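Student: Just to be clear, the model below is a prediction. Sequence and coordinates:
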Amino acid sequence: MSEKRTFRQLVINPGSTSTKFAVFDNERCIFEKKVEHDAAELKQFTRVADQKDYRTGVVLKALEEAGIPLSSFDAVVGRGGILGPMESGTYLVNETMKEELQNCPREEHASNLGGLIADEIAGRNGIPAYIVDPVCTDEMSDVARITGLPDLEKFSFCHALNMKAVARKVAQKMGRRLEECNFVVAHLGSGISIAPFRRGRIVDVNGATQEGPFSPERCGGLPAMQLMKLCYSGKYSYEQMQEMLMKSGGMYAYLGTKDVREAEERAAAGDEKAQLVLEAMAYQIAKEIGAMAVVLEGDLDRIIITGGIARSEFITGRVIRMVGFLAPVEVVPGEEELESLALGGLRVLRGEEKPKVYRGTRRLEE
Ligand SMILES: Nc1ncnc2c1ncn2[C@@H]1O[C@H](COP(=O)(O)OP(=O)(O)O)[C@@H](O)[C@H]1O
Ligand SMILES: CCCC(=O)OP(=O)(O)O
């Protein structure tokens, strides 16, 4: 019997406050590390892309300390960023992609560093760099793009990497391929994405930074007229509003914590406000799942709940009570982003998939 070749990959997931990275030999993780970055240290960089050399250095230092030589890698894979809308899959980091990530990403987000750091390290070794199922994965139907105001076109922005990976696993458990199933997948983390998967494609989704349920740190969808009045009230600057919507809104704005566990403890100890806010988060999540089930016209095989908050029985219990009539619910706690990056790279290294080629931004709004 012939020996199966072992492919070694370095996978990198840059977050807003940390960089997570790991080394995989085929499907097996042999090294994993999370480096928390000091807020003051990151503050010296004006733009996210400016952090590339600093974070690359952090990864290289850790690999050296662990005695893992760069020459042992077959590919480097990064969590990909906010490029133009693209189909799900594994993409080669090419010059067009690098130029956009470096100079003109559609939005500033730490995941923009994934492709850049992967390319920097891969380049030192003459091996390919990839990104997998980036946050700009866009498989939405045309009808889902219409907002009601022609100036504002809805675009897809979600936790595609973990959602696709978890959906693939649930399909596998059911003895099917992802393309043979209809799911509603809810990723519940610091940000929340809830999407209908029609035959494996994400045909709609709440934009994880501006629509749908509020999350531990983000406001989600807000009443538009009231929001407009607040923006023009002179009370807050553009930057303050942005910070409020993205980082200090949602549960944090009500309770002063982004930790659902702490909120649960307070509720259990009789804090009525904590109880109400958690109830409201569960209520909004269930309502969004219901809306996405309607997109699938009720033809769904499973509802899948994943992300850190999927560990919360307080939240999952209430959500399941509200949406359980729609389909069986599968809870897959946590996220598997590093593993998902490795599996995406591996499918290409093994020749099971061809790497896709990014051809540049197709700006829907222009
Ligand atoms: N055991 C748990 N019970 C309840 N909530 C949890 C648990 N573990 C993590 N969480 C919550 O999950 C959220 C973070 O989710 P996570 O998917 O790790 O987010 P991200 O990676 O997007 O920052 C936090 O609000 C955290 O309190
Ligand atoms: C919608 C994907 C981008 C995002 O919000 O990711 P984090 O929750 O990791 O910040």
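Tutor: Sure, I can see it. Numbering: from 1, shown residues only. Ligands and ions are numbered 1, 2, ... in the order given.
Student: Quickly note the distance from the residue nearest to the spatial centre of the chain to residue 187.
Tutor: Closest residue to the average C-alpha location of the chain: residue 159 at 2.5 Å, with CA atoms, centre = their mean. Using CB to CB, to the nearest Å, residue 159 is found at 4 Å from residue 187. In short, each C-beta sits where N, CA and C put it, glycine included.
Student: Could you tell me which residues touch both of those two?
Tutor: Shared contacts of residue 159 and residue 187 (CB atoms under 8 Å, 6 or more residues apart in numbering): 193, 208, 307, 335.
Student: excluding its backbone neighbours, what's nearest residue 342?
Tutor: Closest residue to residue 342 apart from its sequence neighbours, by CB to CB, 6 or more residues apart in numbering: residue 24 at 3.9 Å.
Student: what about the host helix or strand of the one you found and ligand 1, any contact?
Tutor: Assigned by DSSP states H and E, residue 24 belongs to strand 18-25. No. Using CB under 6 Å from any ligand atom, strand 18-25 stays clear of ligand 1, coming no nearer than 8.8 Å.
Student: what lines up beside that strand in the sheet?
Tutor: Looking at strand 18-25 with DSSP bridges, its partner strands are strand 8-14 (antiparallel), strand 28-36 (antiparallel).
Student: what residues does the stretch 51-200 of the chain put near ligand 2?
Tutor: When proximity is defined as CB under 6 Å from any ligand atom, the stretch 51-200 of the chain approaches ligand 2 at 135, 157, 158, 159, 189, 190, 191, 193.
Student: change it to 8 Å
Tutor: The stretch 51-200 of the chain comes close to ligand 2 at residues 109, 110, 111, 135, 157, 158, 159, 160, 189, 190, 191, 193, as judged by CB under 8 Å from any ligand atom.
Student: quick one, strands of the stretch 151-300 of the chain?
Tutor: For the stretch 151-300 of the chain, applying DSSP state E, counting those that start in this stretch gives strands covering 182-188, 192-198, 201-202.
Student: Paired strands for the shortest one, with orientation please.
Tutor: So that's strand 201-202. Paired strands of strand 201-202, with direction, are strand 192-198 (antiparallel) (DSSP bridges).
Student: Now do the partner strand: everything it contacts.
Tutor: Identification of contacts with strand 192-198 by CB under 8 Å, 6+ apart yields 158-159, 163, 167, 178, 181-187, 202-206, 208, 212-215, 218, 220, 285, 288-289, 292-293, 295-296, 300, 307.
Student: In helices only, show me those.
Tutor: With DSSP state H as the criterion, helices contain 163, 167, 285, 288, 289, 292, 293, 295 from among those.
Student: from memory the first one sits against residue 187, does it?
Tutor: So the one you mean is residue 163. Yes. Counting by CB atoms under 8 Å, residue 163 does reach residue 187; the two are 5.3 Å apart.
Student: Give me the pLDDT value at the residue in the chain that ligand 1 sits nearest to.
Tutor: Closest contact between the chain and ligand 1, by CB to the nearest ligand atom, is at residue 308 (2.2 Å). With respect to pLDDT, residue 308 has a value of 95.
Student: what's the answer for the one 4 residues further on, then?
Tutor: Per-residue confidence for residue 312 comes out at a pLDDT of 98.
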